[in-house]
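Chemist: Kindly return the folded structure for what I paste below:
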Amino acid sequence: MIFNKIKKKLGSFSLPSFFFGVLFSGTMIGTTMLAVWPDNSQERRPLLKVVSKQLEIKAVNAAEIYPEFVCLCCGQPLDKNKICCGMAKGMIDYIDSLVAQKLSKEEIIKKTAEKYGVGAVIEEKRAEIEALLNKESKSVAPGAKLIFADAVGKEAPDFSLENLQGKKTKLSDLRGKNVVLFFNEGKMCYPACWNQIEELGKDSRFNSDQVVALSITPDQKEDWAQIAEKLPALKQANILFDSSRLVSSAYNVLSLKSSMHKGTYPGHTYVLIDKQGIIRFTYDDPTMAIQNDLIYSKIKQ
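Modeler: Sure thing, here's the model as predicted:
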């Protein structure tokens with residue numbers, strides 16, 4: 001009865017013909033698969049080689065990557081046969097670990113620059129890598145770049161960086177407050193930078209509805225999470241992580257007098273931004289002293 005209803009609906013439809021068509025189609029598909037699917041026969045091996053060649057990923061030699069970077073400490077090109085210091089060894093070990101993951105050359109260069117900063121990239125490729133990282137991370141507003149000596153009176157480049165709690169802090173969201181940026185060398189600068197970060201964190205003058213202080217370090221968040229566990233007072237500070245140095249580069253603080261590693265790390269530098277987002281005061285301090293009173297006096301002016 002059901003077949004009769006189907007036949008009535010489809011008119012000239014023939015059930016035997018339908019099943020024959022299905023069987024014929026399946027046979028044709030199976031025959032085609034057998035013709036192209038690689039097995040042990042000599043005729044089908046060339047196809048397997050072609051497919052394998054197309055899918056093959058070119059292995060990266062770590063020796064190709066090392067010359068793309070310089071040691072953050074010594075400024076020497078990375079060379080596994082001539083390791084200049086512990087920093088260079090750490091960078092080389094990190095590159096080796098990425099090569100072991102079978103990443104592409106481009107991905108290895110990008111990840112290494114993200115970890116150690118654009119200042120670690122050789123000078124002739126630095127601008128290219130900086131543009132790539134900024135395009136992907138969007139941590140700094142496009143085209144934002146200051147000349148530190150002429151920064152006063154200019155609009156502060158907007159940025160977005162992660163804090164110790166894993167949340168993003170965006171500069172433009174702080175409009176209506178005076179903002180103090182303290183660019184520093186981070187974990188390597190003990191005790192001077194640590195002391196200033198701590199003092200800004202516990203000074204109520206810099207943590208109010210009118211003023212906020214942001215300590216910007218070039219380190220990884222994980223590094224300071226461990227430090228803060230040992231020194232809980234640092235948890236009060238607003239620490240932001242600029243590991244790629246894109247923000248430090250935009251504010252032109254990587255090669256000032258206070259920097260002990262010119263071009264790769266900031267030193268001990270302050271930028272005061274008013275409630276409208278305009279830079280009102282800058283100060284680079286090679287003495288690396290605690291400058292709370294000086295900075296606050298500029299806010300009160």
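Chemist: How are the helices of the stretch 101-250 of the chain distributed by residue range?
Modeler: 105-116, 123-137, 192-202, 221-230, 246-250 (DSSP state H, counting those that start in this stretch).
Chemist: Quickly list the domain ranges of the chain.
Modeler: As assigned by automatic domain parsing, the chain contains the domains 62-137, 148-300.
Chemist: ok so, going back, the helices of the stretch 101-250 of the chain: lowest mean pLDDT?
Modeler: Averaging pLDDT over each of those singles out helix 123-137 as the lowest, with a mean of 87.
Chemist: what is the orientation angle of that one with helix 105-116?
Modeler: Angle, helix 123-137 to helix 105-116, by axes from the mean of the first three to the mean of the last three C-alpha atoms, to 10 degrees: 90 degrees.
Chemist: Output the below-cut-off pLDDT ranges for this protein.
Modeler: Residue ranges of the chain with pLDDT under 70: 1-58, 141-143.
Chemist: Deepest-packed of the domains of the chain, please.
Modeler: Of all these, domain 148-300 has the most neighbours on average by mean count of other C-beta atoms under 10 Å, namely a mean of 18. For every residue, glycine as well, the C-beta is placed using N, CA and C.
Chemist: Just the endpoints, please. Distance across it?
Modeler: From its first residue to its last, domain 148-300 covers 22 Å (C-alpha to C-alpha, to the nearest Å).
Chemist: picking up where we left off before, pipe the helices of the stretch 101-250 of the chain into TSV and attach distance to residue 181 per row.
Modeler: Below are the helices of the stretch 101-250 of the chain laid out as TSV (distance: least, C-beta to C-beta, whole Å):
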stretch	distance to residue 181
helix 105-116	21
helix 123-137	18
helix 192-202	10
helix 221-230	17
helix 246-250	9
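Chemist: can you tell me which of these comes nearest to residue 149?
Modeler: Comparison of the helices of the stretch 101-250 of the chain against residue 149 by C-beta to C-beta identifies helix 246-250 as nearest, at 15.1 Å.
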